[in-house]
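Peer 1: need coordinates for the below:
(one chain, ligands or ions: 1)
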Amino acid sequence: MQKNTITSFHPLERTLMGPGPSDVHPRVLEALSRPTIGHLDPLFIGMMDELKQLLRDAFQTGNEVTMPISAPGSAGMECCFVNMLEPGDKVIVCRNGAFGGRMLENVIRCGGEAVIVDDPWGRAVDPEKVEQALKANPDASLLAFVHAETSTGALSDAQTLAKLAHEHDCLTIVDTVTSLGGVPLKVDEWKLDAVYSGTQKCLSCIPGLSPVTFNEAAMEKVSKRQSKCQSWFLDLSLILGYWEGEGKRAYHHTAPINPLYALHEALCILHEEGLENSWQRHRQQHESLKAGLQELGLELSVPEAERLPQLNAVRIPEGVDDASVRAQLLNDYNLEIGAGLGDSAGKLWRIGLMGYSANAGNVLYCLSALKKVLRQ
Ligand SMILES: *Cc1c(COP(=O)(O)O)cnc(C)c1O
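Peer 2: Residues are numbered from 1 along each chain as shown. From the prediction side, this is the model:
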């Protein structure tokens, strides 16, 4: 008989400087190992209420409807689309990278009519093109865009885009998966309507949860639906039966108990540091990475004014083999950086400085490892 050779899985300690997940804070890993309790236990419900408040602070919102969806960022995206869209709704979708493309896919699958505003990968969404599309489509009801395009490293002006949308009677669906905690994001001040994010980027939490927040205008659109939400699991009216209400909470699905402890801990860490300080730290580490890359003769591909500090797209020099550099970094230095996506595959590296990974030690480590590998 063959001996069973499968034993416990013990991954190596890597330094995660790709497009996510980022390094998880040790306090978050510790929180995960705390005792699992019931998802309707009064102690747990108390923790959920704190979690909602911590998320409101991170999103800079007073929105009542603010909570994590029990699935990764892509589920938060889908939650926004399946609740906000009804078949036949016209949606203007901005596509300047891979995630804008996924938004488009969501619109199509919800039976919406999509109007695409394309911008080159590596550039911000152009507000002028968006304004033209809004003018040309007065019957559109939604504008969807990605605030921080992790696939390219470009940051778009969410405040301006939301203002344009509202001037044309549209609500907004905004992807803030990579922006939350890493760059200024002000849901109330900028009047963003339906917003989703992720936990494994600048919050330094584990993957698998998606914070969402909906303002009153968004909830009004949801409550006026003529048709049932096409997804049972992501139907907000059902999810809210579990996340809201004084004391009485209805079972919807078993909440991911320990991952929610982890998110609570990650948000406590963010709160202790201060949101502005966290933005500042990401900016500072980006500046020092940029200076070091310049010394190595490496350039960033996104124009300076549109750059995301937490995702640095670096041009791969002529004659350098992308895959072998990344493999050496991983195998010899336990360092993960990201590959280019789509057209930029083989042309760009994506170096993440997200959450706990955005620290001076990591920047030095990445620069010196890159220098060694490139010299070989
Ligand atoms: C990572 C990411 C997502 C998807 O999140 P998952 O947790 O991988 O599902 C969506 N949008 C953006 C901008 C992202 O960076």
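Peer 1: now the helices for the stretch 151-300 of the chain?
Peer 2: 158-167, 216-223, 236-243, 257-273, 275-295 (DSSP state H, counting those that start in this stretch).
Peer 1: got a markdown table for those helices, with mean neighbour count too?
Peer 2: Bear in mind the C-beta positions are built from the backbone N, C-alpha and C, glycine included. Conversion of the helices of the stretch 151-300 of the chain to a markdown table gives the following (neighbours: other C-beta atoms under 10 Å):
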| stretch | mean neighbour count |
| --- | --- |
| helix 158-167 | 19 |
| helix 216-223 | 16 |
| helix 236-243 | 18 |
| helix 257-273 | 20 |
| helix 275-295 | 17 |
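Peer 1: how about these in JSON lines, adding mean pLDDT and distance to the ligand?
Peer 2: JSON lines is the format used below for those (pLDDT from 0 to 100; distance: least, C-beta to the nearest ligand atom, whole Å):
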{"stretch": "helix 158-167", "mean pLDDT": "98", "distance to the ligand": "12"}
{"stretch": "helix 216-223", "mean pLDDT": "98", "distance to the ligand": "19"}
{"stretch": "helix 236-243", "mean pLDDT": "94", "distance to the ligand": "17"}
{"stretch": "helix 257-273", "mean pLDDT": "98", "distance to the ligand": "12"}
{"stretch": "helix 275-295", "mean pLDDT": "98", "distance to the ligand": "15"}
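Peer 1: adding distance to Ala305, write the ones you listed out as CSV.
Peer 2: Supplementary listing: those in CSV, determined by distance: least, C-beta to C-beta, whole Å:
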stretch, distance to Ala305
helix 158-167, 13
helix 216-223, 30
helix 236-243, 36
helix 257-273, 26
helix 275-295, 14
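Peer 1: nearest to Asn312, out of those helices?
Peer 2: Closest approach to Asn312 among those is made by helix 275-295 (6.1 Å; C-beta to C-beta).
Peer 1: what's next to that closest one, contact-wise?
Peer 2: Here helix 275-295 makes contact (C-beta atoms under 8 Å, 6 or more residues apart in numbering) with 57-58, 60, 181-184, 202, 270, 273, 299-300, 307, 309-310, 312, 314, 351, 353-354, 358-360, 362-364, 366-367.
Peer 1: and with 6 Å instead?
Peer 2: 181-184, 270, 309-310, 353, 358, 363, 367 (C-beta atoms under 6 Å, 6 or more residues apart in numbering).
Peer 1: hang on, Val212 packs against Tyr196?
Peer 2: Yes - using C-beta atoms under 6 Å, Val212 is in contact with Tyr196, at 4.7 Å.
Peer 1: for those two, list the residues in contact with both.
Peer 2: Contacts common to Val212 and Tyr196, judged by C-beta under 6 Å, 6+ apart, are Gly76.
Peer 1: tell me where the chain has strands.
Peer 2: Assigned by DSSP state E, the strands in the chain fall at 15-17, 65-69, 90-95, 113-118, 142-146, 148-149, 154-155, 171-175, 194-196, 210-214, 311-315, 335-339, 348-352.
Peer 1: among these, which is the most enclosed?
Peer 2: Among the strands of the chain, ranked by average contacts under mean count of other C-beta atoms under 10 Å, first place goes to strand 148-149 (a mean of 30).
Peer 1: packing partners of it?
Peer 2: Contact analysis of strand 148-149 by 3 or more C-beta pairs under 6 Å, 6 or more residues apart in numbering; DSSP states H and E lists no helix or strand as a packing neighbour.
Peer 1: any idea how far that strand is from the chain center?
Peer 2: 8 Å (C-alpha atoms, centre = their mean, to the nearest Å).
Peer 1: read off the pLDDT value for the residue in the stretch 51-200 of the chain that the ligand sits nearest to.
Peer 2: Nearest to the ligand, among the residues of the stretch 51-200 of the chain, is Gly73, at 2.5 Å (C-beta to the nearest ligand atom). We have a pLDDT of 98 for Gly73.
Peer 1: please name the nearest non-neighbouring residue to it.
Peer 2: Distances taken as C-beta to C-beta, 6 or more residues apart in numbering put Gly198 closest to Gly73, at 3.4 Å, once the chain neighbours are dropped.
Peer 1: distance of the closest residue to Ser204 other than its chain neighbours relative to the ligand?
Peer 2: Once flanking residues are discounted, Ser204 sits nearest to Gly355: 3.2 Å by C-beta to C-beta, 6+ apart. Separation of Gly355 from the ligand (C-beta to the nearest ligand atom, to the nearest Å) stands at 13 Å.
Peer 1: show the contacting residues for Gly355.
Peer 2: 22, 202-204.
Peer 1: pLDDT below threshold where in the protein?
Peer 2: For the chain, applying pLDDT under 70 flags the ranges 1-2, 247.
Peer 1: and whichever residue of the stretch 201-350 of the chain sits closest to the ligand, what is it in contact with?
Peer 2: When distances are taken as C-beta to the nearest ligand atom, the stretch 201-350 of the chain reaches nearest to the ligand at Pro207, 5.4 Å away. Counting by C-beta under 6 Å, 6+ apart, Pro207 touches 21, 72, 200.
Peer 1: now the residue nearest to Gly73: phi and psi?
Peer 2: phi -140, psi 170 (degrees, to the nearest 10).
Peer 1: so it sits against Val177, correct?
Peer 2: Yes - contact criterion C-beta under 6 Å: Gly198 and Val177 qualify, at 3.9 Å.
Peer 1: and these two? Which one has more around it.
Peer 2: Each of Gly198 and Val177 has its neighbours counted (other C-beta atoms under 10 Å); Gly198 has more, 29 against 26.
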